[in-house]
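# Dropping a prediction and its sequence here:
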Amino acid sequence: MSAAKRPNFGMFAFLGLAGVLNLIGLPNVAYAQSTAGSLYGVRFVGSTWTLFRQDIGSGATTPVANVATAPQGSYESAIDPTSRRFFTFVIDNSNVTRLYAVNVDTGSSTSATVNLGLGGIQFDPVTQALYGVRFVGSTWTLFRQDIGSGATTPVANVATAPGGSYESAIDPTSRRFFTFVIDNSNVTRLHAVNVDTGTSTSAIVNLGLGGIQFVPPASLFPTPAPSSFVLVSAGLFLVVAAMYGRRGLSKIRKRDA
């Protein structure tokens, strides 16, 4: 009996293995082509509060938009990478504070009057709102600020204390806003406040830090896109098919012999 023509299972196995390697995040062309990104920040140019873009690689700084002509601006800022908006505050000649949302690509902006200036602001992608802190009397208080209307509402009375810090960070996944409070004994506590419920936990810290940022725990493998699941499923199928095909051809040869 003549054996059937042997398929090229080796090629199938290679394609399947390539799918598995792509899933676990080995370097490929798509990752290599990702851009380094830019920094954005504000400062006065004359009497104009101006938004700038700063290239991370070269350090080159270029203006993006003249936000407003005003006597005062605030270095409190936040950014929404999805909608490409940079948030900044300006205090006008009538001592009115306005929240500006500036598109970092086009320079176009919208603004709203805010009735309360906040510190340590953070953008929350879930509620599409800003969160920040300030004292109300002697109580360090967390607020939510609506970007469209500028309306500011209290979320939680964090602590009664003589000192607070505008250093802050946010974890949108666990819904926690992080802020520091210095108590009457000059002890610094880190508070983690749930922005939805207002509940909080705290811990004593032995060192006050500046420029804090929240970084989620590193996972063993990156979370794949849905297309990656399809690719790896097909890849594993081809690997198994190749192994089974080799065994099947071996049995056919034994029978023929």
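Right, received. Where do you want to start?

# can you pull out the helices in the protein?
Counting by DSSP state H, the chain has these helices, from start to end: 9-23, 29-32, 226-256.

# Go through those helices and find the least confident stretch.
Ranked on mean pLDDT, the bottom entry among those is helix 29-32, at a mean of 26.

# now the strands: where do they sit in the stretch 151-257 of the chain?
Taking DSSP state E, counting those that start in this stretch as the test, the strands found in the stretch 151-257 of the chain are 152-160, 163-171, 176-182, 188-194, 200-204.

# residues contacting the residue lying closest to Asp80 once chain neighbours are set aside?
Nearest residue to Asp80, sequence neighbours excluded (CB to CB, 6 or more residues apart in numbering): Phe123, at 5.1 Å. The way it works is simple: take the backbone N, C-alpha and C, and place the C-beta from them, glycine included. Taking CB atoms under 8 Å, 6 or more residues apart in numbering, we find Phe123 in contact with Ala78, Ile79, Asp80, Phe87, Ala129, Leu130, Ile170.

# Walk me through the domains of the chain.
Annotated domains of the chain cover 37-113, 125-212 [automatic domain parsing].

# Take the ones you listed and write them to TSV, including mean neighbour count.
Below are those laid out as TSV (neighbours: other CB atoms under 10 Å):
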stretch	mean neighbour count
domain 37-113	15
domain 125-212	16
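
# so where's the stretch 101-250 of the chain uncertain?
The model of the stretch 101-250 of the chain has pLDDT under 70 over residues 220-250.

# so Val64 makes contact with Val104?
Yes - counting by CB atoms under 8 Å, Val64 touches Val104, with 6.0 Å between them.

# which residues are common contacts for those two?
Common neighbours of Val64 and Val104 (CB under 8 Å, 6+ apart) are Tyr40, Leu51, Arg53.

# who does the second one bridge with?
On DSSP bridges, the residues paired with Leu51 through beta bridges are Val42, Ala65.

# any idea how far it is from Ala65?
To Ala65, Leu51 is 5 Å away according to CB to CB, to the nearest Å.

# coming back round to it: between the domains of the chain, which one is nearest to Gly119?
domain 125-212 (3.6 Å; CB to CB).

# Quick one: end-to-end length of the closest one, please.
Terminal residues of domain 125-212 lie 19 Å apart, using CA to CA, to the nearest Å.

# I'd like to know how far Phe177 sits from Leu209.
From Phe177 to Leu209 the distance is 16 Å (CB to CB).

# ok so, going back, Throw the shared contacts of Val64 and Val104 into TSV and include distance to Thr188, thanks.
Shown next, in TSV, are the shared contacts of Val64 and Val104 (distance: CB to CB, whole Å):
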residue	distance to Thr188
Tyr40	30
Leu51	33
Arg53	35
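
# Mutual contacts of Leu51 and Ala65, please.
Val102, Gly107.

# Which of the contacts of Phe123 fall in strands?
Counting by DSSP state E, the part of the contacts of Phe123 found in strands is Ala78, Ile79, Asp80, Phe87, Ala129, Leu130, Ile170.

# Tell me which residues touch Val104, please.
Taking CB under 8 Å, 6+ apart, we find Val104 in contact with Tyr40, Leu51, Arg53, Val64, Ile79, Arg84, Arg85, Phe86.

# Show me which pair in those is furthest apart.
Arg53 and Arg85 (13.9 Å).

# Done for today, thanks.
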